[in-house]
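Enquirer: Quick one: sequence and predicted model below, then my questions.
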Amino acid sequence: MITGHVRSCIKYFEKLLQRTTIDEWKRYTILQHLSIAYYFVNEFDPALKHALEANNVRLDGIFNGN
């Protein structure tokens, strides 16, 4: 039951990433949420992919003044 809700959240967050008007902080947050959601449904490869991408956004954009 909960897994279905998590999968719906994953679809929603994936659609949000397609938007061109999100700032770096929102992109970082969405990627973190995607990582957690994929981990929750035991899909570890996409979870790691999104966590690493979030880390790159965080390091390259938010805290470096870009």
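Expert: Received it, and whenever you're ready, just let me know what you need. Everything numeric in this text was worked out from a predicted model, so none of it was measured.
Enquirer: Contacts only, for the residue nearest the centre of the chain.
Expert: Nearest to the mean C-alpha position of the chain, counting by Cα atoms, centre = their mean, stands Leu31 at 1.5 Å. Listed by Cβ atoms under 8 Å, 6 or more residues apart in numbering, the contact partners of Leu31 are Leu17, His50, Ala51, Glu53, Ala54, Val57. (Each C-beta comes from the backbone N, C-alpha and C, glycine too.)
Enquirer: The fifth one and Asn42, how far apart?
Expert: Here the distance between Ala54 and Asn42 works out to 19 Å (Cβ to Cβ, to the nearest Å).
Enquirer: Show me where the chain has its strands.
Expert: Under the criterion DSSP state E, the chain carries no strands.
Enquirer: Show me where it has its helices.
Expert: Taking DSSP state H as the test, the helices found in the chain are 2-17, 24-40, 44-57.
Enquirer: ranking those helices by burial, who's on top?
Expert: helix 24-40 (a mean of 18; mean count of other Cβ atoms under 10 Å).
Enquirer: Residue ranges in this structure under the pLDDT threshold?
Expert: 1, 58-66 (pLDDT under 70).
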